[in-house]
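K.L.:
Sequence plus predicted model, see below.
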Amino acid sequence: MGTTASQLPKDSLSEYQELTFLTKQEILLAHRRFTELLGRDERNHPNPRVPMQVILTLPELKSNPFKTRICQVFSTSEDKDGSLTFEDFLDLLSAFSDSATLEIKSHYAFRIFDFDDDGTLDHSDLEKLVNCLTGETEDTRLTSEEMRQLINNILDESDIDKDGTVNLSEFQHVISRSPDFVSSFKIVL
Amino acid sequence: MTIEQQRQGFAFTGSGHPPDQESLRFRRASSPMSAQIYHEPDRGTSPAQEAEQSGSEPTRELRNMAFPMALKKAVRQVQQMQAPAQFSGGSWKQKKTIFVRKFKSNAREFLYFFSLWGKTLQKIGGNFGGGVQSYFIFLRFLVVLNFVSFLLIAGFVLIPSIVFRSVDIKPEISNANVLSAQIPADCLKYDPNPQGLVVFYEFFLDLLSGTGFMEYSYMFYGYYNNTVVVTSLVGSDFSYNLPLAYLLTAVFYFAFCLICIIARMGKAARVAVRTGGSDVRSYSMIVFTGWDYGCLGSKATKLKQRNIYYRLQVDLEEERLKKHAASLTLCNKVTLYSLRVLMFFVAIGLIVATFFAIASATTFSQKNSNVQGILGLLYTYLPSIVITTGNFLVPLLCDQIALLEKYPPSATVVVALLRAVVLRLVSLGILLYTLWNQIECHGSTDMCPCHYNHNNYQCWETSVGQEMYKLMLFDLLVSIALLVLVEFPRRMVVDHWSCKLTQWVGRQEFVVPSNVLGLVYGQTVVWTGALFCPLLPLINTVKFVILFYCKKITLFNNCRPALRTFRSTTSAFFFLAVLLFGWILALVVMIYSVAEIHPSFACGPFRSFFRMWNIVPESLSILPKGTRDFLFFIGSQAFSVPLFAASCVFMCYFIALASIYGKSVAMLRAQLKLAGQDKQFLVKQIEKMKLLSPQDNEGDQD
């Protein structure tokens, strides 16, 4: 006998379908996977919140180098600890879904790359981004000389107003020229 | 950006300020205002404004807003409270858009369920990247193309043939052509059935080379009859002209393949053009869009990270090399260029030597086609062996040459590809040319009463079909043999025995371009042979399916991801362009066979015609006068010249349109740059005024 908390009410389902890019099957699957992550006593809670450590055990996120940033961006918790409610989880899957638009994806990509949450990608953000991309092991870390050359090249190419940082519209301009971005910015359960 | 996007840009920041002004505002404030930027508590005004402006499609706007779910729900409530009247008025439009959207998403889900190997392709893309995935997508396209064209051939040629044979309709010995009375008895001799008992291994040899029991079967051209079913014979309103059907099916098969290729090329080209010709390997592109979020597992992630690291390192190094090359002295440049010219001639020489080897192998093979047994098998397969060896060795040698030429890495890849394409397709062309040379006889009419070399080829179309069948089969056997004898052992050796040599050799890398060229070669062989071996598309479908699974197995077990990745978008266009070259080669062969060589007297649907094409005018002459006049008019100059002129006009129009769009894109880019410079100027002005105004204030107070 299932409790009401472990089943998704029908009007919520249709509301979520309207407010996200997910199909009905995807929302139900997301609800099932989310409920599996909850502890036994949390299942009866009206709006359970899953801590970041537990979310990061999902196989789709476990080995993603941006996993902590993704959780922090989509989290609506007061103390910014990266914990997610079910609705945050749906927001995450909606932004990473197959049918999400380029604007939504590029907006969230920008926020994920903005490590210090200041609204622009400056030198330190870009450096952390490149380190995430290449991995932190010794043999895949760029030398400081190469890093400097790389970040200068990136800023040359994308910083149109020459303020030393990449803001959202400059970022979206770069993204719009890439045909692979929409298909690679995808996480499917 | 359009106004729509700018409005959404306002909504994204949630504070009613455009994003770039946001950064400006922020630079003056000292405290990080990230919460304010992204979760602006000023909910009442901007989302509601957004809601009012959205009008008839509120739901689409809501999904596309980058708010947390709670905020979106609140906005939705506000919308529903605010504009009930709007809903009833625009409800039909709204319902229609919702219905269309639901239908589209349902259709997409349904089609995705049917798409062949969808999950496998996703897994391949996640683990090995877009370049390798594009090879498998290309392979899937070829499988579907071959299968659908086989259905075409089966429906119009194979099934009627089977039906007519089972109903036992006798083939016609038509007196349509003048030659009928003068056909020498020699030309009509054709005896494909083997004599007496067949030894067991001969069965196997026959299977591999298409002779023996396979020769006189539905497999090859020689088995089909020139049955023409006329209404009077059957007694009902049914008539079927099998030779005409055979020829027109071949023509439509080519046209169908061309349309499919062009349609896919159009799709790929549109994507490539949209990126505006910008340097797709640019650093910001790699860094911002390089990560594939579908990557699963720590091993795949580490590989992807190493992949990106190598890409960045190689690009940075290439930039350093370019700077270095620009600073070379004149003397160095001269030596480099002369070396390149020399290597170019060496490469050409290698390729020409391969062609010569293929020509002599084909001639030798055809001369010794009567030898039996294993040696005979070897002789029949000699052209395939020489082609495969050449296609294997010459690119290796060209790679060594490329090391001397010292092109930048990107140019090296393109040059190697071009050489490989030329080698593969032209070597096939040489083989066909030699074959056709053997078939035709170049003497006077006395020496060649049948207008073709009837001593060696009683049914030359079947021989050509057999040659194509052998090429195709050998290709598959070599792929499987390489898999079993080279790739698996290599993996075993590298994994279990670590010494310096194995570390240097390393695991197999899945090299996309050469694999794609193999596919194009196989498909070109099938196109060339389809006229002479109607079942070839079906066998090719089976072959490509086997190849898919073999390549998938070797990819997942033996390969490591390539360090130099192949761009997946421009590469799709490149693969299709090379496939088109193969198509053109096959088309040339088909046109030559249909229009220039006398069909065999002893076999096949065209046995009574002077040229294969002659069936068409003959059938047209039975048509009613009106249709005939119409068709003649379409073929005449009075129609084709204005048609040609009109197509030229349309092409000029489209070229002009394309150049206008290109210019406007460049102009918009320049405007964007200018706007950025204006902003910088204004920022400087503001800072200057800020510096001035406190001093003024102080001055006033004093």
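P.N.:
Great, that's in hand. Here the structure is a predicted model, which is why all the values come from computation and not from measurement. Numbering: from 1, shown residues only, chains lettered A, B, ... in the order given.
K.L.:
for chain A, what are the nearby residues on the stretch 601-702 of chain B?
P.N.:
Proximity of the stretch 601-702 of chain B to chain A is confined to B:672, B:673, B:675, B:676, B:677, B:679, B:680, B:683 under the rule CB under 8 Å from any CB of the partner chain. Where C-beta positions appear, they are placed from N, C-alpha and C, glycine not excepted.
K.L.:
Now flag whichever of those is closest to chain A.
P.N.:
residue B:676 (3.5 Å; CB to the nearest CB).
K.L.:
And for that closest one, nearest residue in space, chain neighbours not counted?
P.N.:
residue A:161 (3.5 Å; CB to CB, 6 or more residues apart in numbering or on different chains).
K.L.:
repeat for residue B:469
P.N.:
Closest residue to residue B:469 in three dimensions, ignoring its sequence neighbours and counting by CB to CB, 6+ apart: residue B:210, at 4.5 Å.
K.L.:
just residue B:260 next, same as before
P.N.:
Per CB to CB, 6+ apart, closest to residue B:260 is residue B:145, 5.7 Å.
K.L.:
tally of neighbours for the one you found?
P.N.:
Per other CB atoms under 10 Å in any protein chain shown, the neighbour tally for residue B:145 reads 22.
K.L.:
mind checking how far residue B:523 is from residue B:578?
P.N.:
Per CB to CB, to the nearest Å, residue B:523 is found 10 Å from residue B:578.
K.L.:
got the residue ranges for the strands in chain A?
P.N.:
Applying DSSP state E to chain A gives strands spanning A:49-50, A:84-85.
K.L.:
Give me the helices and strands touching the last one, please.
P.N.:
Using 3 or more CB pairs under 8 Å, 6 or more residues apart in numbering or on different chains; DSSP states H and E, the elements in contact with strand A:84-85 are strand A:49-50.
K.L.:
Would you mind pulling the contact partners of the strand it packs on?
P.N.:
Strand A:49-50 is contacted by residues A:34, A:37, A:38, A:77, A:83, A:84, A:85, A:89 when judged by CB atoms under 8 Å, 6 or more residues apart in numbering or on different chains.
K.L.:
Output these as TSV; include the columns pLDDT and neighbour count.
P.N.:
TSV is the format used below for the contacts of strand A:49-50 (pLDDT from 0 to 100; neighbours: other CB atoms under 10 Å in any protein chain shown):
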residue	pLDDT	neighbour count
A:34	89	21
A:37	85	17
A:38	84	18
A:77	85	16
A:83	88	20
A:84	89	26
A:85	89	20
A:89	91	21
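K.L.:
Which elements pack onto the lengthiest helix in chain B?
P.N.:
Ordering each helix of chain B by length in residues (DSSP state H) puts helix B:637-701 first. Of the remaining helices and strands, none touches helix B:637-701 by 3+ CB pairs under 8 Å, 6+ apart.
K.L.:
next one: that helix to chain centre, how far?
P.N.:
35 Å (CA atoms, centre = their mean, to the nearest Å).
K.L.:
Report the secondary structure state of residue B:246.
P.N.:
Classification of residue B:246 by DSSP: H, G, I helix; E, B strand; the rest coil places it in helix.
K.L.:
how far away is it from residue B:612?
P.N.:
Counting by CB to CB, the gap from residue B:246 to residue B:612 is 9 Å.
K.L.:
which residues do the two both contact?
P.N.:
The contact lists of residue B:246 and residue B:612 share residue B:606, where a contact means CB under 8 Å, 6+ apart.
K.L.:
Just list the residues touching the spatially most central residue of chain A, thanks.
P.N.:
For chain A, the residue nearest the mean C-alpha position is residue A:70 (3.4 Å; CA atoms, centre = their mean). Applying CB under 8 Å, 6+ apart to residue A:70 gives the contacts A:61, A:64, A:92, A:112.
K.L.:
which non-adjacent residue is nearest the third one?
P.N.:
Leaving out its chain neighbours, the residue that sits closest to residue A:92 by CB to CB, 6+ apart is residue A:74, at 4.5 Å.
K.L.:
related to what we said a few turns ago, among the contacts of residue A:70, which are located in helices?
P.N.:
Using DSSP H, those in helices are A:61, A:92, A:112.
K.L.:
Which one of those is nearest to residue A:44?
P.N.:
Within the ones in helices among the contacts of residue A:70, the smallest distance to residue A:44 is 23.7 Å, found for residue A:92 (CB to CB).
K.L.:
Going along the chain, name the helices of chain A.
P.N.:
Counting by DSSP H, chain A has helices at residues A:10-19, A:24-37, A:52-55, A:59-62, A:67-74, A:86-95, A:102-113, A:123-134, A:144-158, A:168-176, A:181-184.
K.L.:
do the same with the stretch 351-500 of chain B
P.N.:
Along the stretch 351-500 of chain B, the segments classed as helices by DSSP state H, counting those that start in this stretch run B:373-380, B:382-405, B:409-439, B:460-482, B:488-496, B:500-505.
K.L.:
now the first one: how far from the chain's centre is it?
P.N.:
Helix B:373-380 has its C-alpha centroid displaced from the chain centroid by 35 Å (CA atoms, centre = their mean).
K.L.:
Could you do the fifth one as well?
P.N.:
Mean-position distance between helix B:488-496 and its chain equals 32 Å (CA atoms, centre = their mean).
K.L.:
could you give the angle of that helix to helix B:460-482?
P.N.:
Between helix B:488-496 and helix B:460-482, the angle comes out at 10 degrees (axes from the mean of the first three to the mean of the last three CA atoms, to 10 degrees).
K.L.:
quick one, what contacts residue B:474?
P.N.:
B:381, B:384, B:385, B:388.
K.L.:
Distance of it relative to chain A?
P.N.:
Look at residue B:474 and chain A: by CB to the nearest CB, to the nearest Å, they are 37 Å apart.
K.L.:
Same question for residue B:554.
P.N.:
Between residue B:554 and chain A the distance is 25 Å, computed by CB to the nearest CB.
K.L.:
Can you say which helix or strand has that residue in it?
P.N.:
Per DSSP states H and E, residue B:554 falls inside helix B:536-558.
K.L.:
Which positions in that helix come out as buried?
P.N.:
Using 16 or more other CB atoms under 10 Å in any protein chain shown as the test for burial, helix B:536-558 gives B:536-541, B:543-545, B:547-548, B:550-552, B:554-555, B:558.
K.L.:
and for the helix or strand that comes right after it, what are the contacting residues?
P.N.:
Using DSSP H and E, the helix or strand that follows helix B:536-558 in sequence is strand B:559-560. The contact list for strand B:559-560 (CB under 8 Å, 6+ apart) reads B:128, B:303, B:506, B:507, B:508, B:509, B:510.
K.L.:
which among those end up buried?
P.N.:
Counted by 16+ other CB under 10 Å, the contacts of strand B:559-560 give B:128, B:303, B:507, B:508, B:510 as buried.
K.L.:
residues in contact with the fourth one?
P.N.:
With contacts defined as CB under 8 Å, 6+ apart, the neighbours of residue B:508 are B:487, B:490, B:491, B:554, B:558, B:559, B:560.
K.L.:
Identify, from these, the entry nearest to chain A.
P.N.:
residue B:560 (14.8 Å).
K.L.:
pLDDT score for that closest one?
P.N.:
You'll see residue B:560 listed with a pLDDT of 72.
K.L.:
what about the residue nearest to the centre of chain A, distance to residue A:16?
P.N.:
20 Å.
K.L.:
same thing with residue A:175?
P.N.:
27 Å.
K.L.:
Who wins on neighbours among the ones in helices among the contacts of residue A:70?
P.N.:
In terms of neighbours by other CB under 10 Å, the ones in helices among the contacts of residue A:70 top out with residue A:92 at 22 neighbours.
K.L.:
Would you check that that residue makes contact with residue A:85?
P.N.:
No - in terms of CB atoms under 8 Å, residue A:92 does not count as a neighbour of residue A:85; the distance is 10.7 Å.
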